[in-house]
Every structure is written in C-alpha cells, then in structure tokens.
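1. compute the structure for the input listed below.
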Amino acid sequence: MLTVGVRAVVAWQKIEQVLISTFVVRVQIMTHIARLVAASFILGFSCVAYAGPALLNVSYDVMRDFYKDLNPAFVKAYKAKTGEDVMIQQSHGGSGKQARAVIDGLEADVITMNMPPDIDALYDKAKLVPEKWEQRLPNDSLPFTSLQVLIVRKGNPKQIKDWSDLIKPGVQVVMPNPKVTGNGRYSYLAAWGYALKQPNGNEQIAREFVAAILKNVPVLDSGGRAATTTFMQRGIGDVLLTFENEAEMIAREFGRGGFEVVYPSLSVRAEPPVTIVDKVVDKKGTRKQAEEYLKFLWTPAAQEIAAQNYLRPQDPDVAKKYASQFPAVKLFTVDEVFGGWRKAQKTHFEDGGSFDQIYARK
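-> Numbers count the residues shown, from 1 in each chain. The predicted structure follows:
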C-alpha cells in the first residue's frame, strides 16, 4: 500500500510539473503576443504620424463617386507642391442631416453641400464659419453646377417628358425628402418654378401643382442615393427626381440598359457650395491644408474630374471640351424665382412652411 502511495505521489508531481511547464509556456506566448501588439501599435502610430494631417470632408451622398476620384488627385498634387502628405476622409449622407451633424460637433475641416442654406446654418446656429463665407472662393464658392432631371424606366413606358407628366394618375414619383435633403428641395423648387412660369402661372397654381406631384410620391427617401436605391434596386416608381450627375452614377453602378434620362423643358440650376469650417481647422491646425483642398477644385485637373462625373464645370475650357455631354436646358436660379435661398428656406421648408402644409394633407 505504501509503495502504491509513493508511486501516486510521484505521478502527481510529474503531472504538476507538466501543468507548470504548460502554464509557463502559455505565459511566454502571451507575453510574446503582447509585445507584438505593442510593436504593431507603435508601428501603426508611426504610419499615421507619417501620413500627415487628416482632413474630414462632410458632404452629401450623391457626391461619393466624385470625391472618390478627386481625393487621390489632390493628395498627389499637394505632395508634389509642398512635399507634405495629407489624408482625406469622407462622410456622406442627406445634406441637411450632414450639416446638423457638423453643428452638433462632427469636426469637419471642410463641408461640401448641395445648397447654400446648409452652410448658412453653420453660421446661424454655431458661428462655425463667417457670415459671408461664400465670398472667399471664386464663383460664390461654387466649383461646379448641376440641375434636376427626370430618370425613367427603359422605353419610358409612362411617356414622361416634362414636369407636367408627374401629376398624371398612376405615375409613381420617387424623390428624396425636401425637409432633410437639398436634392429633394431642388426637385420641389424646380416643379414649383415650372408651374409659376407656365401661362397664367401664379403661387396658388404652383402650390396645387406641387401638391399633386407629392400625392404621387409613394416614399420620401432620406437622401439622393437612398432614392436611387428605391428606384433602381427595389423597383419602386416610374420616375426618379435627382441631380443630373446622379444619372451617370446610376449608369456606372447598374448599367445603362435599365433607365433613360429625360431633360425637362425647364429646371432649376443646382448650386453646390463648399467652404472650410473655420473653428475646426483653427482648432486642429489644418487651415492651410483645407484651403488648398478647396482651391484645388478650381484647377483644370479637378474640373476635368468634375466633368467626367457629369458635374457642369466652371472652367470655360473644360466646359467647352465636355459640351456634348451636357444638353442645353433652360434654367432658373433660386435667387431669380424665390428671392434667394434664405427666403425659399423660410417659406417652403422650415417647420410649418409650404411643404409641411402640403404634405400634411397628402
């Protein structure tokens, strides 16, 4: 019995030694992993530091593809000019929501919206930019323009040719929400302006016309790209109201065989402005890089990229080169028809404005 007990103790001691050895090996492995993680963190931090400052461009969702093309070109040009590295980060969404995010604390170095009111709000509500921010860059800080078009199914089965066709029974209209998106507001104002400029047109007729269009809208999406998804992927609607340049993005993503672009007889000139966000760039020390980024938009190289993305360039030489892809359309501006964006915003899109009044009775 004693011999058996001794053997049992010896056996247990051997097991204990194995367990201790295993624990030591595990500790050594974990220590090695920890060292690797620490080294990776240091290396990663070094890479970030080497990459130079990072700029955040807060923009509206239809511009994803344009800035995807533009940013590498700017980074390369800036490096060649200054010898410095710079990183560009993007945030996209409905323009109104994006502006509110910046007002609420999203640290955008630059904001590139599709209508001036979203930048005016940065001054009105948070003094993030100067009151006359648009005077700091050429063309009232508009590097390019666009307009609202009608996108229909291939073959145009509902025979939609102009804004007047959108009120026909059985026509489903897809558009972004004018309360939260510039894309939707441009479509709303384009239809309103069209009605005003018809024979015997007046404000009451325009109001009734837009109300009739909204009755044919099955869903108001949160942004231009969301409306495109509703129309192209979900197959909802007979016509999509959106920017001209979004039509090209649809072609690239979904192919050119499933839709057609209808240019109306009259449309609104879309004016997408840009600005640095002063309080952010001064806090981060990125004013120089942010200013260079926006100035780059007016260079011939950037204007070419804009034209290739179906944005109408401001550079006359680039505009002439790409003239064949931009049909001539009779346009009006928000200033001409609505007395400016501030007045249009207050009259139509603020709480209790014409949109709320019309849509509540839909």
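2. residues of stretch 228-238 that come out buried?
-> Within stretch 228-238, the residues that qualify as buried are 228, 230-232, 236-238, counting by 16 or more other Cβ atoms under 10 Å. Quick note: C-beta positions are derived from backbone N, CA and C, even for glycine.
3. now, those that are in helices?
-> 228, 230-232 (DSSP state H).
4. okay if I get these as TSV plus distance to Ile119?
-> Converted to TSV, those look like this (distance: Cβ to Cβ, whole Å):
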residue	distance to Ile119
Thr228	24
Thr230	28
Phe231	28
Met232	30
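5. ok, so of these, who is nearest Thr333?
-> Lowest distance from Thr333 to those (Cβ to Cβ) belongs to Thr228, with 25.2 Å.
6. pLDDT at that closest one, what is it?
-> According to the prediction, Thr228 has pLDDT 94.
7. wouldn't it be in contact with Glu246 here?
-> Yes: applying Cβ atoms under 8 Å as the test, Thr228 and Glu246 come out as touching, 6.3 Å apart.
8. quick one on the thing from earlier: ok, of the ones in helices among the buried residues of stretch 228-238, which one's closest to Lys197?
-> Nearest member of those to Lys197, counting by Cβ to Cβ, is Phe231, at 27.0 Å.
9. any figure for the gap between the residue lying closest to the closest one once chain neighbours are set aside and Tyr359?
-> Leaving aside its chain neighbours, Phe231 sits nearest to Leu240 (4.1 Å; criterion: Cβ to Cβ, 6 or more residues apart in numbering). Applying Cβ to Cβ, to the nearest Å, the value for Leu240 to Tyr359 is 19 Å.
10. who's more crowded, the two?
-> Leu240 (28 against 17; other Cβ atoms under 10 Å).
11. show me the contacts for that one.
-> Taking Cβ atoms under 8 Å, 6 or more residues apart in numbering as the contact definition, Leu240 lies against 150-152, 174-175, 227-228, 231-232, 259.
12. tabulate those (CSV), appending distance to Gln204.
-> Listed next are the contacts of Leu240 as CSV, based on distance: Cβ to Cβ, whole Å:
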residue, distance to Gln204
Leu150, 24
Ile151, 29
Val152, 29
Val174, 27
Met175, 22
Ala227, 28
Thr228, 33
Phe231, 31
Met232, 36
Phe259, 34
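13. of the residues you listed, closest to Trp341?
-> Nearest member of these to Trp341, counting by Cβ to Cβ, is Met175, at 19.1 Å.
14. on the three-state scheme, the closest one is what?
-> When classified by DSSP: H, G, I helix; E, B strand; the rest coil, Met175 comes out as strand.
15. tabulate the CA atom coordinates of the strand ranked longest in the chain in CSV.
-> Secondary structure assigned by DSSP state E gives strand 144-153 as the longest strand of the chain. The C-alpha trace of strand 144-153 is given here as CSV (Å, rounded to 0.1, in the frame of the first residue of the first chain):
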residue,chain,number,x,y,z
PHE,A,144,-19.4,73.4,-60.5
THR,A,145,-23.2,73.3,-61.0
SER,A,146,-25.9,70.7,-61.9
LEU,A,147,-29.6,70.6,-62.4
GLN,A,148,-32.6,68.4,-61.7
VAL,A,149,-33.6,65.8,-64.3
LEU,A,150,-36.2,63.0,-64.6
ILE,A,151,-35.0,59.4,-64.7
VAL,A,152,-37.5,56.9,-66.2
ARG,A,153,-37.6,53.2,-66.9
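16. and it, which strands flank it?
-> strand 239-243 (antiparallel), strand 259-262 (antiparallel), strand 266-270 (antiparallel), strand 312-313 (antiparallel) (DSSP bridges).
17. so for stretch 335-342, what gets flagged as buried?
-> Within stretch 335-342, judged by 16+ other Cβ under 10 Å, the buried ones are 337-338, 341.
18. check stretch 260-280 too.
-> Neighbour-count burial for stretch 260-280 [16+ other Cβ under 10 Å]: 261-264, 266-278, 280.
19. got the CA positions of it in PDB?
-> Presented in PDB, the C-alpha positions along stretch 260-280 are these (Å, rounded to 0.1, in the frame of the first residue of the first chain):
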ATOM      1  CA  GLU A 260     -33.400  56.800 -69.600                       C
ATOM      2  CA  VAL A 261     -32.700  60.400 -68.700                       C
ATOM      3  CA  VAL A 262     -35.400  62.900 -69.500                       C
ATOM      4  CA  TYR A 263     -34.400  66.600 -69.600                       C
ATOM      5  CA  PRO A 264     -37.400  68.800 -68.700                       C
ATOM      6  CA  SER A 265     -38.200  71.900 -70.700                       C
ATOM      7  CA  LEU A 266     -37.300  74.000 -67.600                       C
ATOM      8  CA  SER A 267     -35.300  73.200 -64.500                       C
ATOM      9  CA  VAL A 268     -33.500  74.800 -61.600                       C
ATOM     10  CA  ARG A 269     -29.800  75.500 -61.500                       C
ATOM     11  CA  ALA A 270     -28.300  73.400 -58.700                       C
ATOM     12  CA  GLU A 271     -25.500  75.300 -56.900                       C
ATOM     13  CA  PRO A 272     -23.400  73.000 -54.600                       C
ATOM     14  CA  PRO A 273     -21.200  75.300 -52.400                       C
ATOM     15  CA  VAL A 274     -18.000  74.500 -50.500                       C
ATOM     16  CA  THR A 275     -16.200  76.100 -47.500                       C
ATOM     17  CA  ILE A 276     -13.700  75.400 -44.800                       C
ATOM     18  CA  VAL A 277     -15.100  75.100 -41.300                       C
ATOM     19  CA  ASP A 278     -13.100  77.800 -39.600                       C
ATOM     20  CA  LYS A 279     -13.500  76.800 -35.900                       C
ATOM     21  CA  VAL A 280     -12.500  73.300 -36.700                       C
END
